[in-house]
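# model the structure of this input:
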Amino acid sequence: MLRENINDLIALSVVAEERSFTRAAARLNVSQSALSHTIKALETRLGLRLLTRTTRSVSPTLEGEDLLATLDPCFETIEARLQALTDTQGEPSGIVRIVSTDYAIETLLWPKLAPVLKKHPAVKVEFVMDYGYTDLASAQCDAGVRYGEQVSEGMIATRIGPDERMVCVGAPAYFAERGTPQTPQELSEHECVNLRLSNHGALYGWEFTDRDGREFRVKVEGQACFNTIAPVATAARDGFGLAFVPERLVATDIAAGRLAICLEEYSPFFPGMHFYYPSRQRSSSAFQVVLDALRERA
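Got it, this is the predicted structure:
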C-alpha cells in the first residue's frame, strides 16, 4: 500500500464511523467537498466502491467493511501506542467529553471530578447535558452516564454510584389541601409535575412496581412541565403538585420537612449510575484520570 493512501484510509474510517460526510468533515477539520474528493480518489485508485451514499446516510459496502475490519484495529493499536508514549512524558493531559443528565452531573460527576481536576490542571472535561439515549460517536463524546439497565450492549460499563430509588414526593401543604394518594392509579386525581424526555419528546411515564414486583407505568397530568429534573423538584417544593424524582435529589428537602414521600411501597430501585464507553475507546491519560475518579468504591 502506498504511503499517500494512509491519510485517505483514515478519512474512510472516520466517514464509516460517523455515517455522515458532514460530521466526518467537522471531525477531520476539512471541507465536506474535499473529504468527498478524497474518498472518491481512494476508490478510484483501489478500483473498489467502498461506501454506499444516500441522501440521508453513508454506509460501507461489503468491500469497505472488509477493508475497515483490517484497518480499524491497526489504527487503534498505533494510536494507543502513541498515546502511551506521550503519557510517559509528564502529567496527564487531554479532554474528555461526557454526555449525561444534569442530575448525574450535579450529584455524581462534578463532586467526584472537581478535586481531581484541581490536581491535574492539564485534564479537561466537557459535559454534554442530554436525557436521550445519545449515540456517543455522533455526539463526538468519549463516554456517557446512565442507569445500569440502560447501558447498551457492546459498551464497557463501570458503576459510579449506588442503587437508587425513584420516589413520589409533594409539599406538606399540597397533601393537606389535596390529600395523599394511596395507589399510583389515584395520581389521575392529583396535580403532577411532568418531565418531557428529549430523546423522543414524550412525557415520562412514572414507573412503579406492584406488590408482586411487576413493573407498570402511570401517565400523569399537571400545570407544570420541564425537560430537566431539578426544576421538577423545585415545582413540587413550591406546591404545584406531586413529583417523581430520584430520592437522592430531594433527600435534603425530605429531611428538612419541605417535601414528603408518598406511595413508598410502590417505589422501585434502579441499578445505580454507570459510566459507559465503547470497548474500542483508547485509554488516554486524561480518560484514565476521569475513570479512576468516578469509579464507585466498595
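# can we go C-alpha only for contacts and neighbour counts from here?
OK.
# residue contacts, the residue nearest to the spatial centre of the chain?
Taking CA atoms, centre = their mean as the criterion, residue 144 is the residue nearest the geometric centre of the chain, at 3.6 Å. By CA atoms under 8 Å, 6 or more residues apart in numbering, the residues touching residue 144 are 98-100, 136, 275-277.
# skipping adjacent residues, who's closest to it in space?
Distances taken as CA to CA, 6 or more residues apart in numbering place residue 99 nearest to residue 144, at 4.6 Å, with adjacent residues excluded.
# paired strands for whichever strand or helix holds the one you found, with orientation please.
Using DSSP states H and E, residue 99 sits in strand 94-100. In the sheet, strand 94-100 lines up against strand 123-129 (parallel), strand 143-147 (parallel) (DSSP bridges).
# give me the below-cutoff pLDDT ranges for the protein.
The model of the chain has pLDDT under 70 over residues 1-4, 76, 79-90, 132-134, 138, 149-150, 152-153, 198-201, 280-283, 297-298.
# distance from the chain centre to the strand holding residue 99, please.
Chain-centre distance of strand 94-100: 10 Å, with CA atoms, centre = their mean, to the nearest Å.
# and stretch 194-207, how far apart are its ends?
From its first residue to its last, stretch 194-207 covers 13 Å (CA to CA, to the nearest Å).
# and the contacts of that stretch?
For stretch 194-207, the external contacting residues (CA under 8 Å, 6+ apart) are 130-134, 215-222, 224-229, 232, 243-244, 267-268.
# only the buried subset of the residues you listed, as a ChimeraX command please.
Listed next is the ChimeraX selection for buried residues among the contacts of stretch 194-207, using 16 or more other CA atoms under 10 Å:
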select :130,131,133,220,221,224,225,227,228,229,232,243,244,267,268
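# mind listing which of the contacts of stretch 194-207 are in helices?
Cross-referencing the contacts of stretch 194-207 against helices under DSSP state H gives residue 232.
# picking that back up, out of the strands paired with strand 94-100, flag the one nearest residue 290.
strand 123-129 (8.4 Å; CA to CA).
# tell me the buried residues in the closest one?
Neighbour counts over strand 123-129 (16+ other CA under 10 Å) mark 123, 125, 127-129 as buried.
# can you check stretch 194-210 too?
Of the residues in stretch 194-210, 194-197, 203-209 count as buried by neighbour count, 16+ other CA under 10 Å.
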